[in-house]
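S.K.: Predicted model, plus sequence, below.
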Amino acid sequence: MANARVTVHTEAGIDRIEPELHGHFAEHLGRCIYDGVWTDDTADEDGFRADVLELLAGLEMPVLRWPGGCFADDYHWEDGVGPREDRPRRRNLFWGQGREMIPEESNRFGTDEFLEFCERVGTEPYLAANVGSGDPQEAANWVEYCNYDGDTELADRRRANGREEPYEVKYWGLGNENWGCGGQMSPEQYAREYRRFATYVGTQSAHLLDHDLELVACGFENHEWNHRFMEEVSDPKWGVEFPLDHLTLHHYYGRTMSVAESDAEDYDEFLVEALELNHHIERLTSAINAFSTTRDIGVIIDEWGAWHPAAQGATGLEQPGTVLDALSAAAVLDVFNHHAD
């Protein structure tokens, strides 16, 4: 049997691995929310699945993003607050087209349910505001509803809905995949929309709240797109510093590989595709550094993973979980560790 030696250079670390590197994501698609974390039939007295609460609490999730994803690009938060029996049913525009999926959104799981869920499992909430079909006032109102401790109508509405103290939500995403389902925007258009939304949401942070918000823009796996976005959003012509704390990208892989018919060569290609994330992070960091000289803008990967061809709308976006998925996830998490700085 061959021998192998591993040498660990403890003095050559990159940086501290922050818990936020292991964040999670929940979207209104398939059975993720309804039947996943929430059900009216087999839940505790608040509607949550007790078994899921226990398991997720054990994970010690640092942060959880909601409600999407593309779902967020058509989500209006006021539909999901107040008495559940009075909440309107809406079409699930992006994820309601499949026979096994929920074609309509009941809004029974909304802002207060999600934020209570986060408290129950011990995680920091990360809310994605609707830039695609929403407006800045809607986003600013959401911040006020969640975080303000004064006597406005929105703060009083939160209290009437059962929550006296502010939730103090820190992370706010302003847009999701606005190059695609979030509005088919050019990078320059999204940069201007981002600044418009950030003006109103940021004003809430500056004048109404006791703590700062962290604002997140959504990038793309396209270096030129990110470069043009950063150039526009940071342009001195705007006259004020751009309010951007983090820029994200999304990385899915395996969409063309059939799990049932794959071979060793396919496995290699699958892992190589997963590890392309390292290249995307480096290019995204390059775009940030090219235009950010006064702000320390972080990189967030808030959507990633294996997405098999079997996971289609008609099948409820369900897919088999394979050993290869686990290997690729380990590889991606290692990429995160190498970018801990």
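M.R.: Yes, it's here.
S.K.: all strands of this structure, in order?
M.R.: Assigned by DSSP state E, the chain shows strands spanning 24-25, 63-66, 90-91, 104-105, 124-129, 171-174, 214-218, 246-253, 298-306.
S.K.: can you tell which of those strands is closest to N161?
M.R.: For N161, the closest of the strands of the chain is strand 124-129, at 16.2 Å, according to CB to CB. Quick note: C-beta positions are derived from backbone N, CA and C, even for glycine.
S.K.: Pull the closest one out as CSV, backbone CA atoms only.
M.R.: In CSV, the C-alpha atoms belonging to strand 124-129 read as follows (Å, rounded to 0.1, in the frame of the first residue of the first chain):
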residue,chain,number,x,y,z
GLU,A,124,-30.2,36.1,10.5
PRO,A,125,-32.8,37.0,8.0
TYR,A,126,-31.9,38.3,4.5
LEU,A,127,-34.9,39.8,2.7
ALA,A,128,-34.9,40.2,-1.1
ALA,A,129,-36.9,43.3,-2.2
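S.K.: So what are the sheet partners of it and their directions?
M.R.: Here strand 124-129 has these sheet partners by DSSP bridges: strand 63-66 (parallel), strand 171-174 (parallel).
S.K.: Would you tell me which one of those strands is buried the most?
M.R.: Most buried of the strands paired with strand 124-129, by mean neighbour count (mean count of other CB atoms under 10 Å): strand 171-174, with a mean of 25.
S.K.: Could I get the contacting residues of the residue nearest to the spatial centre of the chain?
M.R.: Nearest to the geometric centre of the chain sits R65, at 4.1 Å (CA atoms, centre = their mean). Residues in contact with R65 (CB atoms under 8 Å, 6 or more residues apart in numbering) are 23-26, 126-128, 171, 173, 302.
S.K.: quick revisit: nearest to A140, out of the strands of the chain?
M.R.: strand 124-129 (9.1 Å).
S.K.: re the thing from before, with mean pLDDT as added columns, please give the strands of the chain in TSV.
M.R.: Formatted as TSV, the strands of the chain follow (pLDDT from 0 to 100):
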stretch	mean pLDDT
strand 24-25	98
strand 63-66	98
strand 90-91	90
strand 104-105	89
strand 124-129	98
strand 171-174	97
strand 214-218	96
strand 246-253	96
strand 298-306	96
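S.K.: With distance to R49 as added columns, please give these in a markdown table.
M.R.: Below are the strands of the chain laid out as a markdown table (distance: least, CB to CB, whole Å):
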| stretch | distance to R49 |
| --- | --- |
| strand 24-25 | 16 |
| strand 63-66 | 15 |
| strand 90-91 | 23 |
| strand 104-105 | 19 |
| strand 124-129 | 18 |
| strand 171-174 | 24 |
| strand 214-218 | 28 |
| strand 246-253 | 27 |
| strand 298-306 | 22 |
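S.K.: how about the strands paired with strand 124-129, which one is nearest A326?
M.R.: The closest of the strands paired with strand 124-129 to A326 is strand 63-66. By CB to CB, the value is 21.2 Å.
S.K.: For S106, which non-adjacent residue is spatially closest?
M.R.: Residue nearest to S106 in three dimensions, not counting chain neighbours: R89, with 5.7 Å by CB to CB, 6 or more residues apart in numbering.
S.K.: next one: E60
M.R.: Nearest to E60 is G122, by CB to CB, 6+ apart, at 6.7 Å.
S.K.: So that neighbour sits against E54, correct?
M.R.: No. G122 is beyond contact range of E54, at 11.7 Å (criterion: CB atoms under 8 Å).
S.K.: If we go by neighbour counts, what in the longest helix along the chain is buried?
M.R.: Ranked by number of residues, the top helix in the chain under DSSP state H is helix 264-291. Buried residues in helix 264-291, counted by 16 or more other CB atoms under 10 Å: 266-267, 270-271, 273-274, 277-278, 280-281, 283-285, 287-288, 291.
S.K.: next one: stretch 74-82
M.R.: In stretch 74-82, counting by 16+ other CB under 10 Å, buried: 74-75, 77-81.
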